[in-house]
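Asks: need a structure here:
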Amino acid sequence: MRVSPGRGRPGAKHADVVGWSAPLARVLEQVATTSSTVQVSGEIGKSKELVARAIYQRSNLRKCLFVTVNCAALPAIPFGD
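Replies: Got it, this is the predicted structure:
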């Protein structure tokens with residue numbers, strides 16, 4: 001998947017995602033219609049945030065706030081301390 005901000009297929013729901021495929025669209029629809037927690041993982045710079053936004057925009061939570069967190073920037077302390 002290549003990323004090109006503000007561009008993509010004309011009329012596409014997610015103009016930032018270039019290289020859309022039918023299998024990806026099916027997975028996004030399946031995931032977005034559940035109330036499950038989803039983990040998007042992959043290498044640095046592989047458009048994980050764009051995939052997460054695509055899921056969010058198709059979900060029932062799309063009217064709520066979408067917050068991104070750079071986990072690599074968080075200090076390495078145990079939660080609950």
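Asks: Show me what the host helix or strand of residue 57 packs onto, helices and strands only.
Replies: Using DSSP states H and E, residue 57 maps to helix 48-58. Using 3 or more C-beta pairs under 8 Å, 6 or more residues apart in numbering; DSSP states H and E, the elements in contact with helix 48-58 are strand 17-18, helix 22-32. All C-beta atoms are positioned from the backbone trio N, CA, C, and that covers glycine.
Asks: now the angle between helix 22-32 and that helix, please.
Replies: 60 degrees (axes from the mean of the first three to the mean of the last three C-alpha atoms, to 10 degrees).
Asks: Buried residues in helix 48-58, which are they?
Replies: 50, 51, 53, 54, 55, 58 (16 or more other C-beta atoms under 10 Å).
Asks: related to what we said a few turns ago, can you redo the helices and strands packed on helix 48-58 as TSV with distance to residue 65, mean pLDDT and mean neighbour count?
Replies: Formatted as TSV, the helices and strands packed on helix 48-58 follow (distance: least, C-beta to C-beta, whole Å; pLDDT from 0 to 100; neighbours: other C-beta atoms under 10 Å):
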stretch	distance to residue 65	mean pLDDT	mean neighbour count
strand 17-18	21	67	20
helix 22-32	17	86	13
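Asks: middle-most residue in this protein, spatially?
Replies: For the chain, residue 52 is the residue whose C-alpha lies nearest the centre (C-alpha atoms, centre = their mean; 1.2 Å).
Asks: For it, which non-adjacent residue is spatially closest?
Replies: Nearest non-adjacent residue to residue 52, counting by C-beta to C-beta, 6 or more residues apart in numbering: residue 40, 5.1 Å away.
Asks: What pLDDT is listed against the one you found?
Replies: Listed pLDDT for residue 40 reads 86.
Asks: Could you tell me the phi and psi values at it?
Replies: phi -100, psi 120 (degrees, to the nearest 10).
Asks: For it, which residues are in contact?
Replies: 48, 51, 52, 55 (C-beta atoms under 8 Å, 6 or more residues apart in numbering).
Asks: at 7 Å instead, please
Replies: Residues near residue 40 by C-beta atoms under 7 Å, 6 or more residues apart in numbering: 48, 51, 52.
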